[in-house]
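>>> Provided below are the primary sequence and the corresponding predicted coordinates.
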Amino acid sequence: MEAALALAAPCEVTFIELAEQVLDDGYRLAGYILGDSTEAEDAVQEALTRSWLAWPTLRDQSRFEPWFDRILVNICRDRLRKRKGVRVEELNEELAVYIDDPFKASLARAEVNSLLAVLNPDQRVVVGLRYWKDLSLQQIADTLGIPLGTVQSRLHYALRAMREEAERTARAGGASPEAGR
Amino acid sequence: MNEQDLEKRLRRVKDGPQPEAPQSLRTFVRQLPETEARRRGPLGALRSLLSAVPSLAPGVPAARKLQVVAAVAFAILLSGVGAGLLVSLRQMQRQPLSPPPLETATPTQVVTPRRTTPNLSVLSLETEGNPYWYGLTQIGNDDAALPIETAALARGAYIGISELPYGMNGIVRSDNGLTWDWSPLSEVDAGLGGLTSIASDTTGRTVVVGWTSSGDGIKDGRAYYSADGSAWSPAANQAVFNGTVMRKVIHGPSGWVALGWSEGSEADAVRPVLEWVSSDGATWTRVSGVPIRGTSAFLLATAAGYVLSGSPIKTGDVDQPPFWYSIDGLTWERAKATDNTAQKLGPLESLTAVGGGTLAGLSGLGDGMSTQLVESTDGGRTWHEIQAQGFANPALVTQVASLSMEMDNQRWLIATYADERARLYVSADMGRTWEAVVGDAFNPVGDVLVEVGPGYGVSYRRVLAFGEPAERLGVWLASTQEIAWP
């Protein structure tokens, strides 16, 4: 493999180096947004293919990561939309630590699976970039290529929807919504 | 559960060991160029060669390199692909899978609107009647809407900044809002990295600013000017912008004012905001004394001067919101709030000059998500809140602009509003009462609303609403006879 890399054109080497740098972060971002390691791997693979095909059009290589992230989250969003409604993972969260899938396990351990299930794909992407990629609102706007106000609005309604879901769940379970604070 | 508890719970997802990309993905990356070339066959190999042309043999003229590539391509074709591939090759030459080398880029591309709903015009890029996707048919939005990021009105023409999907910067220009020309500024400056802001004066002279990358990670500012919006020249003393990315440019009564800040290692909150001024848009002078810092700023020209807003370097008095005004663009005076609201008002996120010294704006509130409509009737010296009626939640207004209407000879305010769905609202009484005029069709909200005119004949003015290209934002028409969208 090293020999193959050595024989590759300079632009290919640069692409491979940059792609390898964002691989782990991209895989985690897709994993948390999609909540599934297999789907995350597929999404990252698709993003890599698309970014390679579009690679000649990227004029500034220092922008590779946000450029790649934009392609990746668009793919994640499309995949969420194709689920015909966000899939609700009915997991026993206490047992979730035993699940093989690391993303399902992490989401279940943090007790956010059912909360995320009420979000639409756009909201879930913004939540992913904010809390799991640790981007500022402006960075999210830049990455997605959308206005800052739209990011603020999506996040506002995403958090509100999750809070309402948490309270609904707590009421249904007879527990206080403040439980766990 | 309150918001802080929810945020803690969301961040807890990342507690513990973080999953790493599986080995299969790493192998995939390394084999990707080869796999794709093989999958796409001889044409794919040719494409790879074409894409590598700019980096091959530095110093050799591009035309010569292309001749060599063509010879190699010919050899590939002779190796057994046949007449069918020759047809494909001809098609590919008309619809290249990758951008043409900059040296041979066609100066002007025709952009035509494509109407997909009664309320929406979508811009798509075409060349000689053929879709011209810049190799991005598999990227994001398959319809390749042209993302116009911001625009200015220059002598009746709309001039906008467009970053073609994923990296090609240029200027779009239209006399009627329907047919657009695209001029890649990369022909003026091959090192151009990005464009950020555009403005025009009353003569039609237009200035656009942005940045270029020197290759060692440092970005240098750039400014270009044009008398007609078609032919562009670099500023005479570009070096004055070195080390700073230019972010904003406006033209006001005392000339051109531009702001920028670096992408260095300083924390965002303390990064200095720098200012330049120019009388002609061609030669620029750095000035000191900008009262804000950080990585955002709002700058607007008014009839009498300039208004600036951002994170203050010095804490103000209890009646001073983070807004400033200036007569000459060189010295800034801090504005005051007359209604005891200064302490809750954050930097302006949107602002429009309505006329007669009246300004309407949106101040960001402390939670980072809400806004407050504010107004000044003295050119920005003093401000007060507007108590807006008609929105389900006035804190979710995202932008405000103004539009002159012939039907009642007065200015109307336009606001974009975003809750679960984005909407467009108008107000005929300076923002006191609002009415939704475009509901579900206006989705998502645009990034900028620009009052522009004339459109069809004299009876329409055009409102350009820009935003999320993936969602196919486009151009809306506003009649000056009524608030209605065709």
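Received, thanks.
>>> and the residue of chain B found nearest chain A, its phi and psi?
Across chain B, no residue is closer to chain A than B:T398, which sits at 3.0 Å (C-beta to the nearest C-beta). Every residue, glycine included, has its C-beta placed from N, CA and C. With angles defined as degrees, to the nearest 10, B:T398 shows backbone torsions of phi -110, psi -30.
>>> for the chain, which spans come out with low pLDDT?
If you meant another chain, say so; for now it's chain A. Low-confidence segments of chain A, defined by pLDDT under 70, are located at A:1-13, A:57, A:59, A:83-99, A:147, A:173-181.
>>> if you could check chain B rather than the one you did, that'd help
For chain B, the stretches with pLDDT under 70 are B:36-158, B:162-169, B:174-188, B:190, B:214-217, B:368, B:403-410, B:418-423, B:437-486.
>>> show me the contacts for B:V318.
B:A342, B:Q343 (C-beta atoms under 8 Å, 6 or more residues apart in numbering or on different chains).
>>> wasn't it part of a helix?
No - the assignment for B:V318 (DSSP: H, G, I helix; E, B strand; the rest coil) gives coil, which keeps it out of a helix.
>>> the nearest residue to the residue of chain B closest to chain A once chain neighbours are set aside: which element?
Counting by C-beta to C-beta, 6 or more residues apart in numbering or on different chains, the nearest residue to B:T398 once its immediate chain neighbours are dropped is A:G149, at 3.0 Å. Secondary structure here is read from DSSP states H and E; on that basis A:G149 sits in helix A:148-172.
>>> can you name the residue of chain A nearest chain B?
Using C-beta to the nearest C-beta, A:G149 is the residue of chain A that sits closest to chain B, at 3.0 Å.
>>> measure that residue to B:V209 for me?
Computed with C-beta to C-beta, to the nearest Å, the distance linking A:G149 and B:V209 is 23 Å.
>>> before we move on, what about B:R271?
Counting by C-beta to C-beta, the gap between B:R271 and B:V209 amounts to 18 Å.
>>> looking at these two, which is more packed in?
Neighbours were tallied for B:R271 and for B:V209 using other C-beta atoms under 10 Å in any protein chain shown; the higher tally belongs to B:V209 (29 against 17).
>>> the more buried one pairs with what?
B:S197, B:A223 (DSSP bridges).
>>> rewinding a little: quick one: the residue of chain A closest to chain B and B:E349 touch, right?
Yes - taking contact to mean C-beta atoms under 8 Å, the distance of 7.1 Å between A:G149 and B:E349 places them in contact.
>>> these two: which is more packed in?
For A:G149 versus B:E349, the count of surrounding residues by other C-beta under 10 Å is larger for A:G149: 29 against 23.
>>> any idea which helix or strand carries B:T35?
Element membership for B:T35, per DSSP H and E: helix B:23-39.
>>> helices or strands next to that helix in the packing?
helix A:2-7, helix A:10-34, helix A:37-54, helix B:41-52 (3 or more C-beta pairs under 8 Å, 6 or more residues apart in numbering or on different chains; DSSP states H and E).
>>> what about dumping the CA coordinates of it to PDB?
Included here for helix B:23-39 are C-alpha records, laid out as PDB according to Å, rounded to 0.1, in the frame of the first residue of the first chain:
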ATOM      1  CA  GLN B  23      -9.600  -0.300   9.300                       C
ATOM      2  CA  SER B  24     -11.900  -0.900   6.300                       C
ATOM      3  CA  LEU B  25     -12.400   2.800   5.900                       C
ATOM      4  CA  ARG B  26      -8.700   3.600   6.100                       C
ATOM      5  CA  THR B  27      -8.100   1.000   3.400                       C
ATOM      6  CA  PHE B  28     -10.900   2.500   1.400                       C
ATOM      7  CA  VAL B  29      -9.300   6.000   1.500                       C
ATOM      8  CA  ARG B  30      -6.000   4.800   0.300                       C
ATOM      9  CA  GLN B  31      -7.500   2.800  -2.600                       C
ATOM     10  CA  LEU B  32     -10.100   5.400  -3.500                       C
ATOM     11  CA  PRO B  33      -8.300   7.200  -6.400                       C
ATOM     12  CA  GLU B  34      -7.300   3.900  -8.000                       C
ATOM     13  CA  THR B  35     -10.700   2.300  -7.400                       C
ATOM     14  CA  GLU B  36     -12.600   5.300  -8.900                       C
ATOM     15  CA  ALA B  37     -10.300   5.400 -12.000                       C
ATOM     16  CA  ARG B  38     -10.800   1.700 -12.600                       C
ATOM     17  CA  ARG B  39     -14.600   2.000 -12.000                       C
END
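>>> what's the angle between it and helix A:37-54?
Counting by axes from the mean of the first three to the mean of the last three C-alpha atoms, to 10 degrees, helix B:23-39 lies at 40 degrees to helix A:37-54.
>>> tally up the residues packed near B:V240, please.
In terms of burial, B:V240 registers 17 neighbours under the definition other C-beta under 10 Å.
>>> leaving out the residues flanking it, which one is nearest to the residue nearest the centre of chain A?
Averaging the C-alpha coordinates of chain A gives a centre point, and the residue nearest to it by C-alpha atoms, centre = their mean is A:I33 (3.3 Å). Taking C-beta to C-beta, 6+ apart, and ignoring the residues beside it in sequence, A:I33 has A:G128 as its nearest neighbour in space, at 4.1 Å.
>>> using the three-state scheme, assign that neighbour.
Put simply, A:G128 is helix when judged by three-state DSSP.
>>> give the contact list for it.
By C-beta under 8 Å, 6+ apart, the residues touching A:G128 are A:L29, A:Y32, A:I33, A:V73, A:C76.
>>> just A:R124 next, same as before
Applying C-beta under 8 Å, 6+ apart as the definition, the contact partners of A:R124 turn out to be A:I33, A:R77, A:L80, A:V86, A:L116, A:A158.
>>> which residues does the first one contact?
If a contact means C-beta under 8 Å, 6+ apart, then A:I33 has A:V73, A:C76, A:L80, A:R124, A:V125, A:G128, A:W132 as its contacts.
>>> need these in TSV (columns: secondary structure).
Formatted as TSV, those follow (three-state DSSP):
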residue	secondary structure
A:V73	helix
A:C76	helix
A:L80	helix
A:R124	helix
A:V125	helix
A:G128	helix
A:W132	helix
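>>> among those, which pair sits farthest apart?
The largest distance within the contacts of A:I33, taken as C-beta to C-beta, falls between A:L80 and A:W132 and amounts to 14.9 Å.
>>> which of the three states applies to B:Y325?
Recorded secondary structure, B:Y325: strand (three-state DSSP).
>>> skip the chain neighbours and tell me the closest residue to it.
Counting by C-beta to C-beta, 6+ apart, the nearest residue to B:Y325 once its immediate chain neighbours are dropped is B:G380, at 3.9 Å.
>>> how far away is the one you found from B:S213?
36 Å.
>>> do the same with B:L300
Computed as C-beta to C-beta, the B:L300 to B:S213 distance reads 29 Å.
>>> quick one on the thing from earlier: quick one, what contacts the residue nearest to B:Y325?
Contact partners of B:G380, counting by C-beta under 8 Å, 6+ apart, are B:T302, B:G305, B:V307, B:F323, B:W324, B:Y325, B:A335, B:L359.
>>> re the thing from before, tell me which two in the contacts of A:G128 are the farthest apart.
Distances among the contacts of A:G128 were taken as C-beta to C-beta; the most separated pair is A:Y32 and A:V73, at 11.2 Å.
>>> which of the contacts of A:R124 ranks first by neighbour count?
Taking other C-beta under 10 Å as the neighbour criterion, A:I33 ranks highest of these with 29 neighbours.
>>> in the sheet, who's paired with B:I414?
So, taking DSSP bridges as the rule, B:I414 has B:A401, B:V426 as bridge partners.
>>> relative to A:L29, how far out is the closest residue to A:S106 other than its chain neighbours?
The shortest distance from A:S106 to any residue other than its chain neighbours is 5.0 Å, reached at B:V13 (C-beta to C-beta, 6+ apart). Distance of B:V13 to A:L29, given as C-beta to C-beta: 12 Å.
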